[in-house]
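Asks: Sequence and predicted model, in that order:
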Amino acid sequence: MSLTASRARRAGSSGKGIRRGEAAAGWLFTAPALVILGVFLLVPVIMALWVSFSDWSGRGSPLSSAVSFVGLDNYAAVTTGGGLAERDFGISLRNNAWYVLLVVPLQTALSLVLALLVNRAILRGRGFFRTAFYFPSVTSSVAITVLWLFLFSTSGVVNDVLSWIGINGPNWFNDPSGVVHNALAAVGIQSGPEALTANSFLGLSFWDWLAGPSVAMSAFIFMAIFTTSGTFMLLFLAGLQNVGPDIQEAAMIDGANAWQRFWHVTLPQLRPVVFTVVTLGLIGCWQVFDQIYTGTQGAPGKTTLTPAFLSYQSAFISQQWGEGAAIAFILFVIIVAFTVLQRWVLRERKVSRRRIRQYEVNPAVVASTSSEAGR
């Protein structure tokens with residue numbers, strides 16, 4: 001017994017030593033990446049957070065003694081200040097909220113449809129279509145924006161095509177009117193009720209919040225759907241290829257039609273992919289910047305202004321570095337909140353007892369069936 005115990009102790013001590021060595025080697029190999037992330041990511045984020053609580057003017061070091069701590073003044077200026085900074089922030093949130101509300105579901109649905117199409121074995125030239133659908137995603141967003149400015153100009157291709165069917169196309173990137181307000185005006189509703197026009201949030205009345213995206217922002221919405229659907233198509237395609245054909249065959253044997261197989265078999269197995277696509281879509285849509293910077297820079301009438309571009313404009317153009325940093329961190333909180341919310345919505349839910357009873361085996365039925373088989 002003593003010999004066995006001593007061997008066990010030696011084996012345990014040697015195993016512990018190996019694990020200690022592996023841990024040291026792991027930290028050694030990851031140290032360069034950790035140092036790079038710390039210097040170029042963590043430290044700038046911490047400094048930007050300090051700037052959002054300070055009165056830094058953009059000159060000298062933000063950590064110098066000349067820079068004072070102002071608390072939540074920068075955050076209050078853009079949320080409760082009551083001035084132009086609050087109104088601009090409210091306008092940017094309104095614009096970006098409509099952008100997210102339309103782009104995320106539409107690009108998710110379109111990318112899933114494209115993945116279902118190019119995943120079909122009977123489709124000829126699947127490689128060509130996959131490349132064609134993905135190509136806009138690898139093209140520079142600046143180049144796509146310049147192309148979009150040309151296509152959606154007053155005398156551009158889009159308005160020419162609309163004229164073929166008798167539609168007089170709008171002056172896309174110069175029209176600040178909201179599409180929801182335009183639709184209501186078409187049926188005779190020119191102004192909202194007093195409950196919406198008399199109350200406001202972040203410097204905008206509730207009626208203005210419900211204006212919808214402007215005609216100019218609608219063009220950017222089309223562009224976002226066009227350029228991102230190909231990337232998310234590949235994610236859905238990878239998920240579809242992991243769905244076993246035996247499950248589909250079992251559903252077909254049970255009599256499920258194509259829609260039932262998709263809704264009850266395929267889509268539930270794509271839940272992790274849907275979560276990834278929606279999360280990436282939310283992050284990308286709330287951080288939209290380069291299209292606005294290249295295209296309209298917030299015009300017309302600030303109806304294409306976004307929080308990301310407003311943060312840049314406040315810091316680098318207006319030299320309000322504290323307000324710009326505050327907007328950036330408010331945007332960070334919004335993104336985290338939406339991510340947590342959609343994670344809760346897409347969580348795995350327990351099967352209800354009512355549905356479980358549908359699949360439970362009735363002992364009386366089993367007994368009667370076995371007795372009949374015995375006869």
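Replies: Here it is on my side, so go on.
Asks: number of nearby residues for residue 77?
Replies: Burial of residue 77 is recorded as 22 neighbouring residues (other Cβ atoms under 10 Å). For the C-beta atoms, the positions are set from N, CA and C on the backbone; glycine is no exception.
Asks: Now whichever helix or strand residue 127 is part of: average pLDDT?
Replies: Remark: residue 127 resides in helix 126-138, with elements defined by DSSP states H and E. Across helix 126-138, the average pLDDT comes to 84.
Asks: Over to stretch 57-69?
Replies: Computed over stretch 57-69, the average pLDDT equals 88.
Asks: For that stretch, buried residues please.
Replies: The neighbour-count check on stretch 57-69 (16 or more other Cβ atoms under 10 Å) flags 62, 67 as buried.
Asks: Likewise for stretch 207-227?
Replies: 207-225, 227.
Asks: Kindly export it (C-alpha atoms) in PDB.
Replies: Taking Å, rounded to 0.1, in the frame of the first residue of the first chain, the C-alpha atoms of stretch 207-227 are listed here in PDB:
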ATOM      1  CA  TRP A 207     -43.700  63.200 -33.700                       C
ATOM      2  CA  ASP A 208     -40.200  63.900 -35.000                       C
ATOM      3  CA  TRP A 209     -39.000  60.600 -33.600                       C
ATOM      4  CA  LEU A 210     -41.700  58.900 -35.600                       C
ATOM      5  CA  ALA A 211     -40.700  60.600 -38.900                       C
ATOM      6  CA  GLY A 212     -38.900  57.500 -40.100                       C
ATOM      7  CA  PRO A 213     -35.600  57.600 -41.900                       C
ATOM      8  CA  SER A 214     -35.200  60.500 -44.300                       C
ATOM      9  CA  VAL A 215     -35.200  59.800 -48.100                       C
ATOM     10  CA  ALA A 216     -31.400  60.400 -48.000                       C
ATOM     11  CA  MET A 217     -30.900  57.900 -45.200                       C
ATOM     12  CA  SER A 218     -33.100  55.400 -47.100                       C
ATOM     13  CA  ALA A 219     -30.400  55.300 -49.800                       C
ATOM     14  CA  PHE A 220     -27.800  54.400 -47.200                       C
ATOM     15  CA  ILE A 221     -30.200  51.700 -45.800                       C
ATOM     16  CA  PHE A 222     -30.300  50.100 -49.300                       C
ATOM     17  CA  MET A 223     -26.500  50.300 -49.500                       C
ATOM     18  CA  ALA A 224     -26.000  48.600 -46.200                       C
ATOM     19  CA  ILE A 225     -28.300  45.800 -47.100                       C
ATOM     20  CA  PHE A 226     -26.600  45.400 -50.500                       C
ATOM     21  CA  THR A 227     -23.100  45.300 -49.100                       C
END
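Asks: For it, what does the pLDDT average out to?
Replies: Averaging pLDDT along stretch 207-227 gives 95.
Asks: related to what we said a few turns ago, buried residues in the helix holding residue 127?
Replies: For helix 126-138, by 16+ other Cβ under 10 Å, it's 130, 133-134, 136-137.
Asks: residues in contact with it?
Replies: Helix 126-138 is touched from outside by 114, 117-118, 120, 123, 144, 226-231, 233-234, 237, with contacts defined as Cβ atoms under 8 Å, 6 or more residues apart in numbering.
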